[in-house]
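K.L.:
Generate coordinates for the sequence data below:
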Amino acid sequence: MGKIGLFFGSNTGNTEAVAYQMAEKFNETESGLVDVHNIGGSTPEQILGYEYIIFGIPTWNVGQLQDDWAIFLPKMEGMDFKGKKVALFGLGDQNGYGFNFLDAMGILADEVLIQGATVLGLWSAQRYQFEESLATEENGEALLGLGVDVEGQASMTDDRIEKWVKQVKEEFGV
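P.N.:
This next block holds a predicted model:
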């Protein structure tokens, strides 16, 4: 078992592709560092078996959770995340859905925080263009995780992933 459990939900395959791209970057320096899991087939016990956790979630429609995450989220109530370090990434379309960009990541981050986790991997909101998001800190300067927009900023995805993975490895201490 790796040190980091990466759990994603994906309807179209975009979030899955980003998850595996991240795992590849994490595993470049230490083989087997990250285990990748589809949240649709995961259990709370499986997640809590990791000290370091990454959650990946796309935002659907007008700020809604992806299907598998919508089913899993109620299971998070009562999960004890105390002592767990969690990083998040979200996929969204800032041009088409600028009034709820990455909202699902914000909803998931809120639940993780309620359950006692430490959220790491915050990411600058400066190079995004959106009106509102549940995935920002109160001051709006940082996202609660990495934002990936494969529709409007696809050319930035590889660089963002590389920098975020390096940041998260340092913050996790792995």
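
K.L.:
rest of the way, CA atoms for contacts and neighbours
P.N.:
Fine.

K.L.:
how about residue 73, secondary structure?
P.N.:
For residue 73, the assignment made with DSSP: H, G, I helix; E, B strand; the rest coil gives helix.

K.L.:
residues contacting it?
P.N.:
residue 108 (CA atoms under 8 Å, 6 or more residues apart in numbering).

K.L.:
need the helix or strand of the protein with the lowest average pLDDT.
P.N.:
Among the secondary structure pieces of the chain, namely its helices and strands, strand 64-65 has the lowest mean (mean pLDDT, DSSP states H and E), a mean of 89.

K.L.:
Report all helices and strands that that strand contacts.
P.N.:
Using 3 or more CA pairs under 8 Å, 6 or more residues apart in numbering; DSSP states H and E, the elements in contact with strand 64-65 are strand 52-60, helix 103-114.

K.L.:
Could you identify which of the ones you listed is most buried?
P.N.:
strand 52-60 (a mean of 25; mean count of other CA atoms under 10 Å).

K.L.:
By residue count, tell me the biggest helix in this protein.
P.N.:
For the chain, the helix that runs over the most residues, judged by DSSP state H, is helix 157-172.

K.L.:
Show me what that helix is packed up against.
P.N.:
In this structure, helix 157-172 makes packing contacts with helix 14-27, strand 118-120, strand 146-148, judged by 3+ CA pairs under 8 Å, 6+ apart.

K.L.:
Can you give me the buried ones in the longest one?
P.N.:
It refers to helix 14-27. Neighbour counts using 16 or more other CA atoms under 10 Å place 15, 16, 18, 19, 20, 22, 23, 24, 25, 26 of helix 14-27 among the buried residues.
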